[in-house]
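Enquirer: okay, predicted coordinates and the sequence, questions at the end:
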Amino acid sequence: MPVIQSSFSGNRLLKNGHAETIMPALFRKVQTAYKRERITLADGDFMDLDWQKQGAKKVLVLFHGL
């Protein structure tokens with residue numbers, strides 16, 4: 001595998017990669033507008049779908065906990 005040279009240097013205050021991952025989640029608040037849709041299944045269970053429309057022609061589907 002080739003080595004790619006980079007001039008990237010991480011945050012000077014956060015020396016740990018774990019801290020660089022956790023800090024934005026704690027302090028950065030992102031507001032997004034979405035529409036929630038509930039689909040009721042034949043067995044009485046349901047799925048909640050959150051749609052965020054920004055004019056894109058593609059859809060990304062994420063499943064958590066399967």
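Expert: Alright, I've got the coordinates.
Enquirer: what does stretch 18-33 contact?
Expert: Stretch 18-33 is contacted from outside by 10-11, 14, 52, using Cβ atoms under 8 Å, 6 or more residues apart in numbering. For every residue, glycine as well, the C-beta is placed using N, CA and C.
Enquirer: after the helix or strand bottoming out on mean pLDDT in the chain, which helix or strand is next?
Expert: In the chain, no helix or strand scores lower on mean pLDDT, DSSP states H and E than helix 17-27, which sits at a mean of 87. Downstream of helix 17-27, the next assigned helix or strand under DSSP states H and E is strand 35-40.
Enquirer: sheet partners, orientation included, of that following strand?
Expert: Here strand 35-40 has these sheet partners by DSSP bridges: strand 46-51 (antiparallel).
Enquirer: what comes up buried for the partner strand?
Expert: The neighbour-count check on strand 46-51 (16 or more other Cβ atoms under 10 Å) flags nothing as buried.
Enquirer: could you dump it to PDB, C-alpha only?
Expert: In PDB, the C-alpha atoms belonging to strand 46-51 read as follows (Å, rounded to 0.1, in the frame of the first residue of the first chain):
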ATOM      1  CA  PHE A  46     -43.600   0.100  13.500                       C
ATOM      2  CA  MET A  47     -40.700   1.900  11.800                       C
ATOM      3  CA  ASP A  48     -40.000   5.600  12.200                       C
ATOM      4  CA  LEU A  49     -38.400   7.200   9.200                       C
ATOM      5  CA  ASP A  50     -36.800  10.700   9.500                       C
ATOM      6  CA  TRP A  51     -36.500  12.400   6.100                       C
END
